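Novice: What would the 3D arrangement of this be:
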Amino acid sequence: LPTPHSPLPQIPGGQVPLDSAFYIERSSIENRCYNTITQPGGLIRIHSPRQMGKTSLMARILHQAREEGYRTVTLSFQLAGSNIFTNLDRFLQWFCASVGKSLGLPNRLVDYWDDIIGGNSSATDYFENYLLAEINSPVVLAIDEFDCLCQYQEIASDFLGLLRNWYEKAKYGNSLSDVWQKLRLVVVHSSTTNISQNINLSPFNIGLSIELPEFTPEEIQDLANRHGLNWDNDKVEKLMSLVGGYPYLVQKALYHIAHQDVTLEELMPKSASKGRVYGEHLHQQLLNLQLYPELLAALDRVVSSTTPVELNRIPALKLRSMGLVRLMGGNVVPSCDLYRQYFLNCHS
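Specialist: Take a look at the predicted model:
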């Protein structure tokens, strides 16, 4: 990776730059990903709640791939307009054209698309006989914001089946395997609750599965030191009592404390849910929940209880994908005291 040179704390949110001094490396995770991406036909699934560092890890995997001499393509489904998701053929044509453009190859969809054999077969033909055939090195395709596709269940299910088929083609050991072994996939998502649970058609039970953990006390202390804060264990524990080890919330606190916008003591314990440090983030979480009253009602049950709450599977997983709850076996608790305080106050 580039040598870190960022001397000043960076505004939290979004991808942590490759040369940032404020990226906490979890070497056991990074090394497994770097090793997997060098394997023929390798597939990595990075799945964690939002703002846990998935895109930052993805960027480092892609950087490592480029160091190996591979071609890399990053495709975010967030960039696709809603009209792209009107039917499977239109989506797959957008997908194929976007990958080709990133590889610097002209659009030749008209030569490969066959309405009779269907979109999945046409897309497979386009990759097999054109995109991968034209590139001499392995190609790492990273799909970010996969959740944007999940609301279009039929398209998502077919596309997941397609990715699984491509992964398996690399394992067949036939004359075409060499072509498909050049393709390496990285899929980044927060939730799969809207997708058909047919495990035989989904890539979500194959390849390397990475779930990013929360920061440990040692990692938070390390990050505080990088922010120029001389913290002892007591201060680390105080911050964790409010926000746990949730990376975005930890980094946001350290950024504002390092800039002397607020002290740790001023952040504790109940003012945090009202102040400028977390106010905008919390309000946005509330706005997101208000679009789904059943989720807001479920979260209200969780924050109002002093013991773990049993929720139906789908709302529990959706709340978890938003980072608002933690799963404990079959039950649910707030992911941190900050969220408990804020959403309790919303209904008080």
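
Novice: Are we agreed that Thr288 is in a strand?
Specialist: For residue 288 the amino acid is Asn, not Thr. No: assignment of Asn288 by DSSP: H, G, I helix; E, B strand; the rest coil gives helix, placing it outside any strand.

Novice: Show the pLDDT at it.
Specialist: Looking at Asn288, its pLDDT stands at 92.

Novice: Excluding covalently adjacent residues, which one is nearest to it?
Specialist: Met322 (6.8 Å; C-beta to C-beta, 6 or more residues apart in numbering). For the C-beta atoms, the positions are set from N, CA and C on the backbone; glycine is no exception.

Novice: count of residues packed around that neighbour?
Specialist: 21 (other C-beta atoms under 10 Å).

Novice: same deal with His256?
Specialist: By other C-beta under 10 Å, the residues close to His256 number 22.

Novice: ok, the residue nearest to Asn288 touching Gln51?
Specialist: No: distance between Met322 and Gln51: 9.4 Å, which falls outside the contact criterion (C-beta atoms under 8 Å).

Novice: residues touching Glu142, list them.
Specialist: Heads up, residue 142 is Ala, not Glu. Met58, Ile61, Leu62, Thr72, Val73, Thr74, Leu75, Leu185, Val186, Val187, Val188 (C-beta atoms under 8 Å, 6 or more residues apart in numbering).

Novice: if you go through the stretch 201-348 of the chain in chain order, where are the helices?
Specialist: 217-226, 233-243, 247-258, 264-267, 279-290, 293-304, 313-321, 337-346 (DSSP state H, counting those that start in this stretch).

Novice: Distance to Gln39 for those helices - can I get that in TSV?
Specialist: Written out in TSV, the entries for these read as follows (distance: least, C-beta to C-beta, whole Å):
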stretch	distance to Gln39
helix 217-226	28
helix 233-243	37
helix 247-258	28
helix 264-267	44
helix 279-290	37
helix 293-304	38
helix 313-321	28
helix 337-346	39
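
Novice: Go through those helices and pick out the most buried.
Specialist: Ranked by mean neighbour count under mean count of other C-beta atoms under 10 Å, the helices of the stretch 201-348 of the chain are led by helix 247-258, which reaches a mean of 22.

Novice: Alpha carbons only: can I get that one in PDB?
Specialist: Taking only C-alpha atoms (Å, rounded to 0.1, in the frame of the first residue of the first chain), the coordinates of helix 247-258 have been written out as PDB:
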ATOM      1  CA  PRO A 247     -15.900   2.000  13.300                       C
ATOM      2  CA  TYR A 248     -17.800   5.000  11.900                       C
ATOM      3  CA  LEU A 249     -19.000   6.200  15.300                       C
ATOM      4  CA  VAL A 250     -15.600   5.700  16.900                       C
ATOM      5  CA  GLN A 251     -13.800   7.600  14.200                       C
ATOM      6  CA  LYS A 252     -16.400  10.400  14.300                       C
ATOM      7  CA  ALA A 253     -15.800  10.900  18.000                       C
ATOM      8  CA  LEU A 254     -12.000  10.800  17.700                       C
ATOM      9  CA  TYR A 255     -12.100  13.300  14.800                       C
ATOM     10  CA  HIS A 256     -14.100  15.900  16.800                       C
ATOM     11  CA  ILE A 257     -12.200  15.300  20.000                       C
ATOM     12  CA  ALA A 258      -8.900  15.700  18.100                       C
END
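
Novice: And it, what does it pack against?
Specialist: In terms of contact count using 3 or more C-beta pairs under 8 Å, 6 or more residues apart in numbering; DSSP states H and E, helix 247-258 is assigned the packing partners helix 217-226, helix 233-243, helix 264-267, helix 279-290.

Novice: Just want the angle from that helix to helix 279-290.
Specialist: When axes from the mean of the first three to the mean of the last three C-alpha atoms, to 10 degrees is applied, the directions of helix 247-258 and helix 279-290 differ by 160 degrees.

Novice: how much does helix 247-258 deviate in direction from helix 217-226?
Specialist: What separates the directions of helix 247-258 and helix 217-226 is an angle of 40 degrees, with the same axes, to 10 degrees.

Novice: Looking at the helices and strands packed on helix 247-258, spot the one closest to Phe159.
Specialist: In this view, the helices and strands packed on helix 247-258 are compared for proximity to Phe159 by C-beta to C-beta, and helix 279-290 is the closest at 24.7 Å.

Novice: That closest one: how far from the chain's middle?
Specialist: Offset of helix 279-290 from its chain centre (C-alpha atoms, centre = their mean, to the nearest Å): 19 Å.

Novice: Give me the helices and strands touching that helix, please.
Specialist: Using 3+ C-beta pairs under 8 Å, 6+ apart as the contact criterion, the elements in contact with helix 279-290 are helix 247-258, helix 293-304, helix 337-346.

Novice: Can you show me the helices along the stretch 1-150 of the chain?
Specialist: The residue ranges that make up the helices of the stretch 1-150 of the chain, judged by DSSP H, counting those that start in this stretch, are 27-37, 54-67, 88-102, 109-112, 119-126, 132-134, 147-150.

Novice: With mean neighbour count as new columns, can these be given to me in CSV?
Specialist: Written out in CSV, the entries for the helices of the stretch 1-150 of the chain read as follows (neighbours: other C-beta atoms under 10 Å):
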stretch, mean neighbour count
helix 27-37, 15
helix 54-67, 19
helix 88-102, 19
helix 109-112, 12
helix 119-126, 20
helix 132-134, 15
helix 147-150, 21
